[in-house]
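# Provide a 3D model corresponding to the input given below.
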Amino acid sequence: MSTRRRRHGMRRARPTLQKRAQRGFRGCPIATIAYYGPDNQFASKVAVGIILQEGGEAVFLERWFAKDNDVRLDPSINRQIVEFIGRHNVRSVVMTDGIIGCPHEEGIDYPEGESCPQCPYWADRDRWTGEPIGGEGEKGPEEAVVMGVAWYRPEQWERLREISEDREELETTYEDWKGSAERALREMRKAGMYPEKVDIDVEDLLRWCNEQNQPVDSSARVRYTAEKVMQQHKPGDE
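As a prediction, the model looks like this:
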């Protein structure tokens, strides 16, 4: 393989992971991708677990570390993650860009019950939400990993399939989709994410896509849902 082609593949690794995650729950095996760092800005560690059956624990686990470059932006690490999940025939990917705590392990890197001396940012903070322990402040987008999940209405499911260009990737019935969506929510929570159901009006989604001159597909549905979440969490909104 030429150097040019190899570099092109490395650049595409991160978008490939994000695209796989956007597809939602597609069955097992499941890959969970979690990022850790000394604060909520720089990710120095990524842990990837492989869950072979629904409700099970990670059977395979790999970790990658970086000192100078954020692991989320490291093309070599992202390429290795793609290869790792490929070897285990992963069907579903659950991941987040947010950082969910200190990269060091209690009882291994520092004594149990104490704060990590290398990561003062996380002292007296919940490693999952980023909030000060016992604090009453609201969670901001940098403190809690909140992921919007499109939640469709049963009476509009056939309409969604009708207008979607990727209808073959959608479940045939609303009941099948809801079952998959509920499983995805559980896996997100296990991975330390905070999924938030976002009520979707299919006709409004279609209008938005027309205004954006974009077909109704997985990418559009994710973008539309993300915008709805941002609108719901605008500063000053109740």
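
# which stretches of this protein aren't confidently modelled?
Judged against pLDDT under 70, the low-scoring parts of the chain cover residues 1-14, 22, 24, 54-56, 97, 127-130, 134-147, 190-194, 233-238.

# can you do 50?
Filtered on pLDDT under 50, the chain yields the residue ranges 1-11, 135-145, 237-238.

# Which residue ranges of it form strands?
Along the chain, the stretches classed as strands by DSSP state E are 30-36, 45-51, 58-65, 92-99, 146-152, 194-200.

# JSON lines for those strands, including mean neighbour count?
For every residue, glycine as well, the C-beta is placed using N, CA and C. Output for these, formatted as JSON lines (neighbours: other CB atoms under 10 Å):
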{"stretch": "strand 30-36", "mean neighbour count": "24"}
{"stretch": "strand 45-51", "mean neighbour count": "21"}
{"stretch": "strand 58-65", "mean neighbour count": "14"}
{"stretch": "strand 92-99", "mean neighbour count": "22"}
{"stretch": "strand 146-152", "mean neighbour count": "19"}
{"stretch": "strand 194-200", "mean neighbour count": "16"}
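
# quick one: which of the ones you listed is nearest G113?
Between G113 and the strands of the chain, the shortest separation by CB to CB is 19.4 Å, and it involves strand 30-36.

# mind listing the helices for this structure?
3-22, 75-87, 157-163, 174-190, 202-212, 218-232 (DSSP state H).

# quick one, which of those is nearest to P120?
Using CB to CB, these put helix 75-87 closest to P120, at 25.6 Å.

# Give the buried residues for that closest one.
Under the neighbour-count criterion of 16 or more other CB atoms under 10 Å, helix 75-87 has 75, 77-82, 84-85 buried.

# rewinding a little: to W208, which of the strands of the chain lies closest?
strand 194-200 (10.3 Å).

# So in that sheet, which strands flank the closest one, and in what orientation?
When pairs are called by DSSP bridges, strand 194-200 turns out to pair with strand 146-152 (parallel).

# how much does the partner strand deviate in direction from strand 92-99?
Between the direction of strand 146-152 and that of strand 92-99, the angle (axes from the mean of the first three to the mean of the last three CA atoms, to 10 degrees) works out to 140 degrees.

# Dump strand 146-152 to PDB, restricted to CA.
The C-alpha trace of strand 146-152 is given here as PDB (Å, rounded to 0.1, in the frame of the first residue of the first chain):
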ATOM      1  CA  VAL A 146     -25.500  14.300  27.000                       C
ATOM      2  CA  MET A 147     -26.400  12.600  23.700                       C
ATOM      3  CA  GLY A 148     -29.700  13.300  22.000                       C
ATOM      4  CA  VAL A 149     -31.600  10.200  20.800                       C
ATOM      5  CA  ALA A 150     -34.300  10.600  18.200                       C
ATOM      6  CA  TRP A 151     -37.600   9.300  19.500                       C
ATOM      7  CA  TYR A 152     -40.200   8.700  16.900                       C
END
